[in-house]
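Next come a sequence and a model predicted from it.
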Amino acid sequence: MLTSIVRAIMFVIGLPIRLIWFLLGWRAEGNLPKLDKMVILAVPHTSNWDYALMIPFAFREGRRPQTTTKHTLFKPPLGWLLRLTGAFPIDRDHAMGVVGQLVETLDNADRMILMFTPEGTRGKTSHWKVGFYQTAVGANVPIILGYVDYKRKVMGVSDPLYPTGDLETDFEKIKAFYEANGYPRHPERWSDLALRERDIRRNKEELAQAENA
C-alpha cells in the first residue's frame, strides 16, 4: 500500500517536470525495466543539465533515481532538500568503504534506483570509475545503461545488463552500447570509454582468487 502511495506521489510531482521536458522538444526511447532494484548509469556527463534531464525519465513510471552525497551536508534545512531530490548520505571515511555502504543500502532497500555518473566529473577524463560495477556485483542487481543524446534530444535506457563479475568483458558490452547511443552537451568534455589498467588487474586478481577458493 505504501509503495503505491509513494509511486502516485512521484507521478504527480513529475507531471510539471515532464511537461517542461516535452515542451523543450525532448522525447524518450524505451522504458525502465519492471525491476525493484537496479544500478543506472547517466552517460555522457558533461553538464549539470544531464541529471536534470534524467529525472523526468524515471518519473514517467513513478520512480525516483537516487544519488550519493557527502554525509556532512545532510544537516537541516539542506539535508531535507537533498533527501527530497533523491540524495542519500555516504561517509567516504567509513570502515566499510563507499562501495560497501552502497551495497548495504541496496540490500536493505525494497525498491531502489541507484544512479551513477561513472565518468566521475563533467570534465574530460581518460577512464571511467568502476564503483558502479562493484556495487552492482556486490548487491547482485542489474546495470541499466541510461543515455542522453543532445543531437536528437532523446533520452533512453538499455535492457538490463547482469554483471558477470568479469569487469573487462562486461565493459566491452557497455562500451559498444555507448559508442552507438548518446551524445554530450559539450563534446570536448566527453570522457574516454576506457578502464584503468589497475582496475582491470585488480578484477582479474579477484576472479583468480575466487576460482582458487
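Here it is on my side, so go on. These numbers come from a predicted model, not from an experiment. Residues are numbered from 1 along each chain as shown.

in a helix, that's where Lys204 is, yeah?
Yes: assessed by DSSP: H, G, I helix; E, B strand; the rest coil, Lys204 belongs to a helix.

does the nearest residue to Pro118 once chain neighbours are set aside sit in a helix, a strand or a coil?
Spatial nearest neighbour of Pro118, excluding adjacent residues (C-beta to C-beta, 6 or more residues apart in numbering): Trp128 at 4.4 Å. C-beta coordinates here come from the backbone N, C-alpha and C atoms, glycine included. Here Trp128 is recorded as coil under three-state DSSP.

Please report the distance of Trp128 from Trp26.
Going from Trp128 to Trp26 by C-beta to C-beta, to the nearest Å gives 25 Å.

who has more neighbours, the two?
Trp128 (26 against 19; other C-beta atoms under 10 Å).

Contact partners for that one?
Contact analysis of Trp128 by C-beta atoms under 8 Å, 6 or more residues apart in numbering lists 118-120, 171, 191, 193-195.

What are the boundaries of the strands in this structure?
Along the chain, counting by DSSP state E, strands occupy 27-29, 37-43, 65-70, 87-90, 112-116, 143-149, 154-157.

Show the average pLDDT along the fourth one.
Regarding strand 87-90, the rounded mean pLDDT is 63.

Report how many residues lie close to Thr105.
Thr105: 18 neighbours (other C-beta under 10 Å).

Need the pLDDT of it.
pLDDT recorded at Thr105 is 88.

measure it to Ala52 for me?
23 Å.

Val103 now?
27 Å.

More neighbours: the two, which one.
Neighbours of Val103 and Ala52, each counted by other C-beta under 10 Å, are more numerous for Val103; the result is 20 against 12.

From Ile174, how far out is the spatially closest residue to that one that is not a sequence neighbour?
Closest residue in space to Val103, ignoring its immediate chain neighbours: Gly138 at 3.8 Å, by C-beta to C-beta, 6+ apart. As for Gly138, its distance to Ile174 is 18 Å (criterion: C-beta to C-beta).

More neighbours: which of these two?
Between Gly138 and Ile174, Ile174 has the larger neighbour count (other C-beta under 10 Å), namely 23 against 16.

I figured that one was touching Leu167, is that so?
No: under the criterion of C-beta atoms under 8 Å, Ile174 makes no contact with Leu167, lying 10.0 Å away.

In contact with the spatially most central residue of the chain: list those residues for me.
For the chain, the residue nearest the mean C-alpha position is Met115 (2.4 Å; C-alpha atoms, centre = their mean). Contacts for Met115 (C-beta under 8 Å, 6+ apart) come out as 39-42, 51, 54, 65-67, 86, 146.
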